[in-house]
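[1] Structural data only, the sequence is not supplied:
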Ligand SMILES: Nc1ncnc2c1ncn2[C@@H]1O[C@H](COP(=O)(O)OP(=O)(O)OP(=O)(O)O)[C@@H](O)[C@H]1O
Ligand SMILES: Nc1ncnc2c1ncn2[C@@H]1O[C@H](COP(=O)(O)OP(=O)(O)OP(=O)(O)O)[C@@H](O)[C@H]1O
Ligand code: MOO
Ligand SMILES: [Mg+2]
Ligand SMILES: [Mg+2]
């Protein structure tokens, strides 16, 4: 069985399904939660938001679901899997990620439409791609023809890190996670496509009590600070 | 085939490609049947049908009264030696032989003991631990023989079991096999090309040609009264078929022209006439004297043959003659030359066709 | 081995497992060498070494003056027939035979034409399109023969090429092979168990036992003067080794006790004495008369043997006797009984050991 | 699914099948059921009414076409390069052969996405080799259809190599010796003797390779990206559909599956060995 | 890497190797280079200094241990179920055999994530079978270590089945006939004759299966979830590391690779056939 910090067997295990982009922030919060709730161990299942939604709808024994995208949360809500209403606990905005030496000299969104720059965008089916669509529309018809529509934000970011593309539209949190290898360039149109992260306690949660407490922690000031360090903007 | 309760009574009909085998085989208990026939006659096919390895288009197999026609191979109480051995290369010689007993439920130790005993019997105790690939051709065939005997079969099927053995081993394996077969109260069918094997080992001979039985009987009968050219060559006789009228037989010669052979005992109707090559005398000039059969023929080929020389002759009557090297030297004739051949009527045998 | 410029001059040393072959083989141009020896003597191993398929521990292979010792197999101008054929099962008989010519650069059509001609020669024109698995054992071996001949080799290696053939096919393939070998100015080495093959096909015979050459010479010499028990049995002679003093030879009998054989021509020192089984007469009672060699022996076994009966006898002198079935009936003795055997001194041959 | 004697071209059929081999058939049935039950699950769950419209979508047709073309080309390349490699591993002995054999399995063990990164590191615009190619010719491999093929070859070829090696190793070497005595060089022996003898194994390897290439996702997205009509293969389309709903992903997967099943069923038991 | 004659246990070595078979060696070398160059790319790019600390992290050790244990168990199960299935496909003839064979390749073609969904649809708590199991026993398979094994078996077993089938199909059937004449049932023949003859192919299949199971990601994360110590195998850990940086993912991948290479190099050329 699970063993908590004090060496006693944990009596309860809280299972949190969370979007992979939340990994670092949630792991940090998990340690704090276990300290504050002796006898409760937090177990994370990190994966893509849509994978998690499918798992929950197939009866995964999770207590909490934190998604990177309201649409995937809706999949669970529609299936009747959520207890109460999902609540948004964090927001993410787009930045232009460029390699550390910025070889194409990108300064703003307009530079991505220029000929000669190799750009990676997310596919419109995934949240960061939908957001990219919105910012292009907001920028008044800047039309970017990318080399690739990435289906995963990390794949886009990796290509920036390796210098295979000159720029990519990714989330601020991704740019921060990538450290020095990537430079993030903010741009005003990003405000038009803020991505919400909803969280909810699940209807069939085996541990509804700790689950509610977890949501509380995430939405608390403490939670906001940890999420803020990771690059999210928070509602708290 | 009457009287004797057959251990094996089978009619085998097998069709494959353009070839059709349709043969009846009957073997009494304890009897050994030799299956003779030219290459491609269907001997191996017949054994495969008996073993349940070739699908029968028709016919039936009765062994000790039980109908095996549709029995699966593994349920037939048989032992088989294949023409190309088919030893399992991933097992030692010993384990190859122990395979059958193991399948029959013997303990590992029991099976090995029996295998060791059989390897000893075929003179390969020293090679028990060798892999088949490390055996010579003759050694491999003896292991195959031991493997087939190890299952104590009721029907033993041997496809040229002695072909790869050298003269000495052959004689000794042959006589051991004969002893084993003598103790054996089941039926045995042995395919061989060596008439000597057939004579020594078999109680009965069945000759197959082009898928059909052409002759059947005790070895001595078959040897003395061949009914086809193949059998005649096999037992070393000159054979002719013709119309008899008393002591004169009109045969169809090689060139299609009729020829006449005088025989000692009068007979009538369709007959075979046979005489051995060593009964033929050859002369440079037409001989005088008693022999009533004298033909002028052309030498077609000369072969050394043991301490004899075999001379093949063509003409009105095609025949082979065995003479001594000295005799050949005296004759002073070579291939293509004409000589006179004579055969005494008393040396010929005449029997109904 | 002097005078004649050897087409093949080889000393083959091969070591595998506990077995060691160390043999010298010399074949003159156009000559056919028969390699005889008991099972496991190393005949196949010798052929494999000549073909470059078995690694030589020592020795050397010269063919037409060229040193092939380290040449890769595919560069040796050889043709080889394997003891178990090794026909390519994914190719038709025709394409099996055409394989070699294709490798030598012949056009597809040219190779096929040559292959068709060779299949015709071995009497298998009808089976050109058959897969090897659809051939009988004898048919497969003839295809293997044709395949080896198709590359027009300078050194032809044949491992029991006639073993699977029936009497008739054997005779005809043998004589065709002999004709082909006669036209052939390269060297040929043929492994066979059949002394007749060796006599008919070979110009010289080399006998190997346990990896070493024990006898070598023209077939007739070897047949007349065997130097080991194996060769003697092969050519059908009773053979003894002993110390001669005039017309009396002291030999070591079967039981280890000395025995004496009287010979016709005086000789001295270490000698062999040989006589044929048919020179032995058997009696129920001690015979009177001229034969100076008379022994009382025990019947060890009786075999039918063609139209003769071969009786194996044991005692002071172990020997085989060929008598007629009538003679055996008259003798009225069976296995285990004591009889008298006599051999005339004039029937024996004595030659230096 | 009662096993009957085969109508085998090679040897005649067995006369009778003997005791029913439960020891073999039972696990085989369980294994088969295990492999196809999930497939049945998909069939049950599939939103059949939408299937037709999905199939008519040009993006789906493009992705399917691209998948089939690239997987087939990748299999061809894998055969040309991988079969000789399998021979080298099975039939020769050189120092470090075992290490080489183990290295061949690297792309199997490495998570495909990392494999894609590795390909970028070598063949990318800034890659070990790619940077020179790009500097000299201006050509850059990633984001092209060729890159899809490269990713597929990288991921799928090991399956071919390992299974062909097993087949070649199992082939009776004495036939190769016989071919050598007929003057065949090692290449000829390989081509005309070893390969036909190992044909069932080569076919199996090619099927594995093709199927794996068809299903390849991670390395493709990382190395070739996702551009409809150029680098978007079916698995990429499936993944994107998955982002919206599992049902959509299931429909696309079934489309891919049916096409691949149709092709595999159409394949003969053996390609060689039949005149 | 000059091919030398093998010291083959089976037949003696060739005396000389003959003309150098460039036609075979050249493509083999290109193929090999293509497979290992990306690996070298990873080695160059790997942040070596961090490797040591990574290796000491308990999560990495847990993930590695879990990967090795589950992949090995999965291979064992695949052998038990898959080898008989391969036999059924190679050696018997039943109606629809070709379709069955094609169906076996389903898990190869299906994107692993969809495969995971399919497994959930069947074995999940609400699944076709899983709901009854859950209702009667309270047991639910997904998100357990057993689920990892199930996902791996599902994805990796087809590789074993197809390559073993190829090997069995290539084995000379006449030896099986010989065994039948000795009284061996089909099961015995299979166990004692066919299988040893096809041993190299079975080994190849097992290596493929094990490696594929080791590298399995999509079906595992979907069916078993991503719980450290319980279902987080190395590829899943690599995925999470990828969220931070490719370098972290590369390091973890290399750890997995080196361990798997060490194990594969340690394997003997053949397991059977040696007394
Ligand atoms: N699988 C097959 N398909 C088609 N024809 C076949 C097949 N197997 C054998 N045959 C043919 O059947 C005939 C009989 O073959 P079989 O092997 O029984 O001959 P055999 O009497 O044993 O000859 P041998 O003495 O040469 O071994 C041959 O003409 C052969 O070509
Ligand atoms: N690969 C091997 N490893 C070990 N010993 C072997 C190997 N191959 C052959 N031998 C042994 O070498 C000896 C000679 O074998 P070889 O095949 O040359 O005999 P042979 O004279 O051809 O016999 P046969 O007439 O029976 O074919 C045999 O005792 C055999 O057991
Ligand atoms: O892994 Mo996510 O759902 O793209 O943040
Ligand atoms: Mg036969
Ligand atoms: Mg031999």
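    Good, I have the coordinates. In this text the structure is predicted, and so the values were computed from the model without any measurement. Ligands and ions are numbered 1, 2, ... in the order given.
[2] Which residue does chain D have closest to ligand 2?
    Ligand 2 sits closest to residue D:174 of chain D, with a gap of 11.1 Å, by C-beta to the nearest ligand atom. Using the backbone N, CA and C atoms, a C-beta is placed for each residue, glycine as well.
[3] neighbours of the residue lying closest to that residue once chain neighbours are set aside, just the number please.
    Nearest residue to residue D:174, sequence neighbours excluded (C-beta to C-beta, 6 or more residues apart in numbering or on different chains): residue C:86, at 5.6 Å. Other residues near residue C:86 come to 22 when the count uses other C-beta atoms under 10 Å in any protein chain shown.
[4] isn't the residue of chain D closest to ligand 2 right next to residue C:88, touching?
    No: counting by C-beta atoms under 8 Å, residue D:174 sits too far from residue C:88 to count as a contact (11.3 Å).
[5] who's more crowded, the two?
    Each of residue D:174 and residue C:88 has its neighbours counted (other C-beta under 10 Å); residue C:88 has more, 21 against 15.
[6] Tell me if I am right that the more buried one is in a helix.
    No: using DSSP: H, G, I helix; E, B strand; the rest coil, the secondary structure at residue C:88 is coil, not a helix.
[7] Could you see whether chain E lies near the one helix or strand residue D:68 maps to?
    Applying DSSP states H and E as the criterion places residue D:68 in helix D:58-91. Yes: for helix D:58-91 and chain E, the contact criterion (C-beta under 8 Å from any C-beta of the partner chain) is met by D:78, D:80, D:81, D:82, D:84, D:85, D:87, D:88, D:90, D:91.
[8] Identify the residues contacting the residue nearest to residue D:174.
    Residue C:86 sits next to C:144, D:174, D:175, D:177, D:178 when contact means C-beta atoms under 8 Å, 6 or more residues apart in numbering or on different chains.
[9] Just those residues: which are in helices?
    Counted as lying in helices by DSSP state H, out of these, are C:144, D:174, D:175, D:177, D:178.
[10] so which of the residues you listed are also by ligand 4?
    The subset of the ones in helices among the contacts of residue C:86 within reach of ligand 4, by C-beta under 5 Å from the ion, is empty.
[11] Tabulate those residues (TSV), appending pLDDT and distance to residue E:106.
    Output for those, formatted as TSV (pLDDT from 0 to 100; distance: C-beta to C-beta, whole Å):
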residue	pLDDT	distance to residue E:106
C:144	94	46
D:174	93	39
D:175	95	36
D:177	95	42
D:178	95	41
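[12] Buried only: go through these for me.
    The neighbour count (16 or more other C-beta atoms under 10 Å in any protein chain shown) marks C:144, D:175, D:177, D:178 as buried among the ones in helices among the contacts of residue C:86.
[13] Follow the chain on from the helix holding residue D:68 and name the next helix or strand.
    Note on helix D:58-91: by DSSP H and E, the next helix or strand toward the C-terminus is helix D:97-104.
[14] Mind listing what's buried along that following helix?
    Quick answer for helix D:97-104 (16+ other C-beta under 10 Å): D:97, D:100, D:101, D:102, D:103, D:104.
[15] Kindly report the same for stretch B:114-131.
    Using 16+ other C-beta under 10 Å as the burial criterion, the residues of stretch B:114-131 that qualify are B:114-116, B:118-119, B:121-124, B:127-128, B:130-131.
[16] thinking again about what came up before, of the ones in helices among the contacts of residue C:86, closest to chain A?
    The shortest approach to chain A among these belongs to residue D:175, at 49.4 Å (C-beta to the nearest C-beta).
[17] could you measure the closest one against residue D:164, distance?
    The gap separating residue D:175 from residue D:164 is 17 Å, by C-beta to C-beta, to the nearest Å.
[18] what does residue A:97 give?
    Residue A:97 is 43 Å from residue D:164, where distance means C-beta to C-beta.
[19] more crowded one of the two?
    For the pair residue A:97 and residue D:164, the greater number of neighbours falls to residue D:164 (34 against 28), based on other C-beta under 10 Å.
[20] dump the residue contacts of the closest residue to the more buried one other than its chain neighbours.
    Leaving aside its chain neighbours, residue D:164 sits nearest to residue D:86 (3.7 Å; criterion: C-beta to C-beta, 6+ apart). By C-beta under 8 Å, 6+ apart, residue D:86 lies in contact with D:160, D:161, D:162, D:164, D:165, D:167, D:168, D:205.
[21] Could you work out the most separated pair of those residues?
    The most widely separated members of these, counting by C-beta to C-beta, are D:160 and D:168 (11.9 Å).
[22] out of the two, which sits in the more crowded spot?
    Taking neighbours as other C-beta under 10 Å, residue D:160 and residue D:168 compare with residue D:160 leading, 31 against 27.
[23] wait, is the more buried one part of a helix?
    Yes: under three-state DSSP, residue D:160 sits within a helix.
[24] Verify the contact between it and residue D:207 for me.
    No: contact between residue D:160 and residue D:207 fails when scored by C-beta under 8 Å: they sit 9.4 Å apart.
[25] top strand in chain A by residue count?
    The single longest strand within chain A, with elements called by DSSP state E, is strand A:82-92.
[26] helices or strands up against it?
    Contacts defined by 3 or more C-beta pairs under 8 Å, 6 or more residues apart in numbering or on different chains; DSSP states H and E place strand A:82-92 against helix A:70-78, strand A:195-202, helix A:208-219, helix A:221-229.
[27] What strand or helix carries the residue found closest to residue D:217 once you drop the neighbours it is linked to in the chain?
    Nearest non-adjacent residue to residue D:217, counting by C-beta to C-beta, 6+ apart: residue D:235, 3.9 Å away. Taking DSSP H and E as the definition, one finds residue D:235 inside helix D:234-244.
[28] which secondary structure elements does that helix contact?
    Packed against helix D:234-244 by the contact rule (3+ C-beta pairs under 8 Å, 6+ apart) you find helix A:49-57, helix D:58-91, helix D:199-215, helix D:218-223, helix D:246-266, helix E:112-123.
[29] Now it: buried residues?
    So for helix D:234-244, counting by 16+ other C-beta under 10 Å, buried means D:234, D:235, D:236, D:237, D:238, D:239, D:240, D:241, D:242, D:243.
[30] and the angle for the helix holding residue D:68 with helix D:97-104?
    For helix D:58-91 against helix D:97-104, the angle by axes from the mean of the first three to the mean of the last three C-alpha atoms, to 10 degrees is 170 degrees.
[31] Buried residues in helix D:58-91, which are they?
    Buried residues in helix D:58-91, defined by neighbour count with 16+ other C-beta under 10 Å: D:60, D:62-64, D:66-68, D:70-75, D:77-79, D:81-91.
[32] what about residue A:128, distance to ligand 4?
    Going from residue A:128 to ligand 4 by C-beta to the ion, to the nearest Å gives 75 Å.
[33] Apart from its neighbours in sequence, what residue is nearest the residue in the stretch 151-300 of chain B that chain A sits nearest to?
    Closest residue of the stretch 151-300 of chain B to chain A, C-beta to the nearest C-beta: residue B:151 (56.7 Å). Using C-beta to C-beta, 6+ apart and skipping residues adjacent in sequence, the residue nearest residue B:151 is residue B:100, 3.7 Å away.
[34] sorry, back to before: what residues does the residue nearest to residue D:217 make contact with?
    Taking C-beta under 8 Å, 6+ apart, we find residue D:235 in contact with D:67, D:214, D:215, D:216, D:217, D:220, D:256, E:111.
[35] Local confidence estimate at it?
    pLDDT, residue D:235: 93.
[36] swap in residue D:15?
    If you check residue D:15, the pLDDT there is 39.
[37] Same check on residue A:61?
    86.
[38] quick one: contacts for it?
    Contacts for residue A:61 were tallied using C-beta under 8 Å, 6+ apart; they are A:15, A:204, A:206, E:125, E:140, E:143.
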